[in-house]
Each structure stands twice: as C-alpha cells, then as structure tokens.
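Undergrad: return atomic coordinates for the entry below.
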Amino acid sequence: MDSIFHEKQEGSLCAQHCLNNLLQGEYFTPVDLSSIAHQLDEEERMRMAEGGMASEEYRTFLQQPSGNMDDSGFFSIQVISNALSVWGLELMLFNSRDIQGLDTVL
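TA: Residues are numbered from 1 along each chain as shown. I've put the predicted structure just below:
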C-alpha cells in the first residue's frame, strides 16, 4: 500500500466518511447512502402494511420521518450494514458471542 486513504469530515456525513476510510477509497456518496436508506424505508413500510393498512400503527408509522436518514447527513446503522454487505462484509457487535474466540481463528 503506497498511502492511506483518509476522507476529511464534511458536515455530518460521518457514515460516508467512515465507510470510505474503512474501504480505502471514494466508494460511497451521500446519494448512494440515501438510496440504501430509501430502500430500507420502503421495506419497513411494506412490513408495517402487513399488519393492515387501515391500522392505527400503520398510519402512525407513515407520519414519522425516516429512521434511516435525515437532512443533516445522518444514516442509520442499518444503512451502514447494508452498504458493507455490497463488499461481502458484515457488522458484528463488539461483545457478540459470534466473535468470541475469533482471535484464535485469526
């Protein structure tokens, strides 16, 4: 590796900068992450509709803003996880049982 890629923080785009720094390149833009967030929003809307589109819960859900992104540049952990899955990577909780003993495998 000739150099280390570091994307300087702009605004509140922490997720974008974190992903690009981790992957060592300019792979994700705010538009890319917004697209993932909108896809997740639609999947959530479809799941909520399964309980009945006339239900109070569904109507309340539709009135709420996205939990996957906002205008400040915030993107949810689900957006980050989906972005990483494009690369065949997955997030694991720090204290997850799935990674206990992982150091012996590595």
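Undergrad: residue ranges with poor pLDDT in the chain?
TA: Regions of the chain meeting the criterion pLDDT under 70 cover residues 1, 98-106.
Undergrad: which residues in it form strands?
TA: Under the criterion DSSP state E, the chain carries no strands.
Undergrad: show me the longest helix that occurs in the chain.
TA: helix 30-49 (DSSP state H).
Undergrad: residues of that helix that come out buried?
TA: In terms of neighbour count (16 or more other CB atoms under 10 Å), helix 30-49 has its buried residues at 30, 33-34, 36-37, 40, 48. C-beta: built from backbone N, CA, C; applies to glycine.
Undergrad: try stretch 11-18
TA: So, applying 16+ other CB under 10 Å, buried residues of stretch 11-18: 13, 15-18.
Undergrad: centre-most residue in this protein?
TA: By CA atoms, centre = their mean, the chain has its centre lying nearest to residue 79, at 1.5 Å.
Undergrad: pretty sure it sits against residue 41.
TA: No. Assessed by CB atoms under 8 Å, residue 79 is found out of contact with residue 41, at 10.1 Å.
Undergrad: common neighbours of the two, please.
TA: Common neighbours of residue 79 and residue 41, using CB atoms under 8 Å, 6 or more residues apart in numbering, are residue 68.
Undergrad: before we move on, back to that, out of the buried residues of helix 30-49, which two sit at the greatest distance?
TA: Using CB to CB, these span at most 26.0 Å, a distance reached by 30 and 48.
Undergrad: and the helices in this protein?
TA: Taking DSSP H as the criterion, the chain carries its helices at 14-23, 30-49, 56-63, 77-85, 102-105.
Undergrad: so what does the longest one touch, helix or strand wise?
TA: By that I understand helix 30-49. In this structure, helix 30-49 packs against helix 14-23, helix 56-63, helix 77-85, with contacts taken as 3 or more CB pairs under 8 Å, 6 or more residues apart in numbering; DSSP states H and E.
Undergrad: pipe the ones you listed into a markdown table and attach distance to residue 91 per row.
TA: Below are those laid out as a markdown table (distance: least, CB to CB, whole Å):
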| stretch | distance to residue 91 |
| --- | --- |
| helix 14-23 | 11 |
| helix 56-63 | 25 |
| helix 77-85 | 5 |
